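Novice: give me a 3D structure for the following:
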Amino acid sequence: MAKKDKAPRYIRVANVMTMALLRAGFKLVGPWMVIGNYPMYLLTVRGRKSGLPRTVPVAIIRRNGKRYVGSPYGIVDWVRNLRAAKEATLTRGRRSETVNAIELPKGEAALVLREDVKDGNPFARYFGVTADSSLEEFEQAVVSHPLFVLQSPLVQGRPQAEREELRFSQAHFQQ
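Specialist: Model prediction:
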């Protein structure tokens, strides 16, 4: 049987506490709960086999007006579920938003990850790259550590002017 990727045990234990705090309405940021540049959300996605909702805490990467979520621990269950469902619910505080998740192609994901790591992403060590790594090394990293862009379903398929107007009106949600 093929080895399944799993987050380290201490992360799985910490996720229990993080989920409790996020569900209680605390607005946490990664990587150290209250200090960091990565807002934490609860990502709820439908299970690919059971169809039941599965929830995990995730840190959102913001780049160039877009939101991304990556898997520093490899192709774990929430990644498999997100690939199958292609949509999820992000919850922060009392606000929830349904988003479409699009897995980035290897080249684009590598560029986003490289930019984020060069800006000091503390999760870079889990991806197996450093700020000095080559683009090829980033491409290898995103094969086993996928990156998804999260988009509001209202934004997709609309003319550019309408999308910009929607982003402006939804900006309060991202804060």
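Novice: OK, contacts around the closest residue to residue 40 other than its chain neighbours?
Specialist: Distances taken as CB to CB, 6 or more residues apart in numbering place residue 28 nearest to residue 40, at 4.3 Å, with adjacent residues excluded. The C-beta positions use only the backbone N, C-alpha and C, and glycine is treated the same way. By CB atoms under 8 Å, 6 or more residues apart in numbering, the contact set of residue 28 is 18, 21-22, 34, 39-40, 57.
Novice: what's the answer for residue 59, then?
Specialist: Applying CB under 8 Å, 6+ apart, we find residue 59 in contact with 29-31, 36, 38-40, 69, 123.
Novice: relative to residue 134, how far out is the residue nearest the centre of the chain?
Specialist: In the chain, the centroid-proximal residue (CA atoms, centre = their mean) is residue 69; its distance is 1.6 Å. For residue 69, the distance to residue 134 equals 24 Å [CB to CB, to the nearest Å].
Novice: from the contacts of residue 28, pick the one nearest residue 104.
Specialist: Closest approach between the contacts of residue 28 and residue 104, by CB to CB: residue 39, at 19.6 Å.
Novice: the residue lying closest to residue 128 once chain neighbours are set aside: what secondary structure?
Specialist: Closest residue to residue 128 apart from its sequence neighbours, by CB to CB, 6+ apart: residue 141 at 5.5 Å. Classification of residue 141 using DSSP: H, G, I helix; E, B strand; the rest coil returns helix.
Novice: all numbers from here: first residue = 29
Specialist: With the count now opening at 29, the last piece we talked about shows up as residue 169.
Novice: what confidence value was assigned to residue 169?
Specialist: Residue 169 is assigned 92 on the pLDDT scale.
Novice: which element, helix or strand, includes residue 153?
Specialist: Taking DSSP states H and E as the criterion, residue 153 maps to helix 152-155.
Novice: that helix - what's its average pLDDT?
Specialist: Here the average pLDDT along helix 152-155 is 84.
Novice: which residues does that helix contact?
Specialist: The contact list for helix 152-155, computed with CB under 8 Å, 6+ apart, reads 98, 100-101, 141, 144-145, 158-159, 169-170, 173.
Novice: how about the helices of the chain, start to end?
Specialist: 37-51, 105-113, 134-146, 152-155, 163-172, 188-202 (DSSP state H).
Novice: my read: residue 113 touches residue 72, true?
Specialist: No. Using CB atoms under 8 Å as the test, residue 113 is too far from residue 72 to be in contact (10.0 Å).
Novice: related to what we said a few turns ago, with distance to residue 128 added, can I get the contacts of residue 87 in TSV?
Specialist: As requested, the contacts of residue 87 are exported to TSV (distance: CB to CB, whole Å):
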residue	distance to residue 128
57	24
58	23
59	26
64	26
66	21
67	19
68	20
97	12
151	23
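Novice: quick one on the thing from earlier: please verify my assumption that the residue nearest to residue 156 contacts residue 157.
Specialist: Yes. Counting by CB under 8 Å, residue 157 is a contact partner of residue 169 at 5.0 Å.
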